[in-house]
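Enquirer: sequence first, then the predicted structure:
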Amino acid sequence: MPEKWKEKNMVNLEQGRNSNSRKDNYMITVTKDDLLKSGAHFGHVTSKTNPNFRDYVLSQKNGIDIINLDDTIDNLSKALLFVKNIVERNGDVLFVGTKKHAKDIIQQEADRCGMFYVVERWLGGTLTNFSTVKKSIKRLQLLEKEGSALYEDLTKKELLKLNREKIKLSDQHRGIKDMKKLPNVIIVVDGKTESIAIEEARKLEIPIICIVDSNTDPAICDYPIPANDDSIRTIQLLITEVVNMIVNTIDNKSKNDDSEKSEYPKEKKK
């Protein structure tokens, strides 16, 4: 990681720790007891502790890092406030969770709030080469269109080939098929697994929220949420809290449609 990223994010970390103002936090419903029951406090073995994560380690027990859940709650609260502000301005959220523990949770919760997601292998260039991705999605939409002229006068072999292409593109773009522009924030489960997605977001200066375990450098993202990223219950708890906030924010927005709102500018056509 470039040094400027580390410096910027370590400053963000210190600012977050030194901020006690309520306006900097979102009132979350998740409690420390909820996190304890989910196993959120269990980090990795101490031999794998990332040096930059040590501020989030409360203690070690039986060779395992014990994560300070006060930090988890505080950082989650700040991250939620950030996402809330984005959603209020009609911004888009992209959830990323391709590892086995996270896939189903990410897909179900992203669908619930009407946001985008990636749960299959991250394709290089999904963000940094988004114009090409949009062309691929357009091709998929054409293949999915019933009665398309594309299917006229084709042999059985040619139809089979097009069907295979449709299935492949559908798998690749599941969750982002309707994403018209780059997201305003990405929410990631496991910074190590999703390192390519994080690198692409960094290049484009897209804010990153990430569940980070004790083996991960929290400086890779703008809003690190220290927690056990291998626990299904922890992932479910944290992502559900995020999505509940998004759903509530969207519902509140719909009740106030007559009020004037600022929006993210539309992406310019190239």
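Expert: Looks like it arrived, so ask away.
Enquirer: can you list the buried residues in stretch 110-119?
Expert: 110, 113, 115-119 (16 or more other CB atoms under 10 Å). All C-beta spots, glycine's among them, are computed from the backbone N, C-alpha and C.
Enquirer: before we move on, what about stretch 67-79?
Expert: Here stretch 67-79 shows 67-69, 71-79 as buried, counting by 16+ other CB under 10 Å.
Enquirer: what's the mean pLDDT across that stretch?
Expert: Regarding stretch 67-79, the rounded mean pLDDT is 97.
Enquirer: got the contact list for that stretch?
Expert: Residues outside stretch 67-79 that contact it (CB atoms under 8 Å, 6 or more residues apart in numbering): 16, 19, 24-28, 30-32, 35-36, 40-43, 55-58, 209, 214, 223-228, 238, 241-242.
Enquirer: buried ones among these?
Expert: Neighbour counting by 16+ other CB under 10 Å classes 16, 25-26, 28, 30, 35, 40-43, 56-57, 209, 214, 223-228, 238, 241-242 among those as buried.
Enquirer: among those, which ones are in helices?
Expert: 16, 35, 238, 241-242 (DSSP state H).
Enquirer: just the CA trace of the one helix or strand Q60 maps to, in PDB.
Expert: In the assignment (DSSP states H and E), Q60 maps to strand 57-61. Output of strand 57-61 as PDB, limited to C-alpha atoms (Å, rounded to 0.1, in the frame of the first residue of the first chain):
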ATOM      1  CA  VAL A  57      -6.600  -5.500  20.600                       C
ATOM      2  CA  LEU A  58      -7.900  -5.500  24.200                       C
ATOM      3  CA  SER A  59      -5.900  -8.500  25.300                       C
ATOM      4  CA  GLN A  60      -4.600 -11.900  24.300                       C
ATOM      5  CA  LYS A  61      -6.100 -15.200  25.600                       C
END
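Enquirer: what pairs with that strand, parallel or antiparallel?
Expert: Strand 57-61 has the following sheet partners, assigned by DSSP bridges: strand 64-67 (antiparallel).
Enquirer: how distant is the partner strand from the center of its chain?
Expert: Relative to its parent chain, strand 64-67 has a centroid offset of 24 Å by CA atoms, centre = their mean, to the nearest Å.
Enquirer: try stretch 204-217
Expert: 9 Å.
Enquirer: endpoints of it, how far apart?
Expert: 20 Å (CA to CA, to the nearest Å).
Enquirer: and that stretch, average pLDDT?
Expert: Mean per-residue pLDDT for stretch 204-217: 98.
Enquirer: report the buried residues of that stretch.
Expert: Neighbour-count burial for stretch 204-217 [16+ other CB under 10 Å]: 206-217.
Enquirer: and of those residues, the nearest to K192?
Expert: T216 (5.6 Å; CB to CB).
Enquirer: what sits closest to the closest one if chain neighbours are left out?
Expert: Leaving aside its sequence neighbours, T216 sits nearest to G191 (CB to CB, 6 or more residues apart in numbering; 4.5 Å).
Enquirer: mind checking the SS state of the one you found?
Expert: Assigned with DSSP: H, G, I helix; E, B strand; the rest coil, G191 falls in the coil class.
Enquirer: tell me how far stretch 37-48 lies from the chain's centre.
Expert: Its chain's C-alpha centre and that of stretch 37-48 lie 21 Å apart, by CA atoms, centre = their mean.
Enquirer: which residue is nearest the centroid of this protein?
Expert: What sits nearest the mean C-alpha location of the chain, by CA atoms, centre = their mean, is I187, with 1.8 Å.
Enquirer: hey, what's I208 bridged with?
Expert: In beta-bridge terms (that is, DSSP bridges), I208 pairs with I186.
Enquirer: verify the contact between it and V189 for me.
Expert: No. I208 is beyond contact range of V189, at 11.9 Å (criterion: CB atoms under 8 Å).
Enquirer: show the pLDDT at the residue in the chain sticking out farthest from the centre.
Expert: Relative to the centre of the chain, and counting by CA atoms, centre = their mean, the farthest-placed residue is D153 at 43.4 Å. On pLDDT, D153 comes in at 73.
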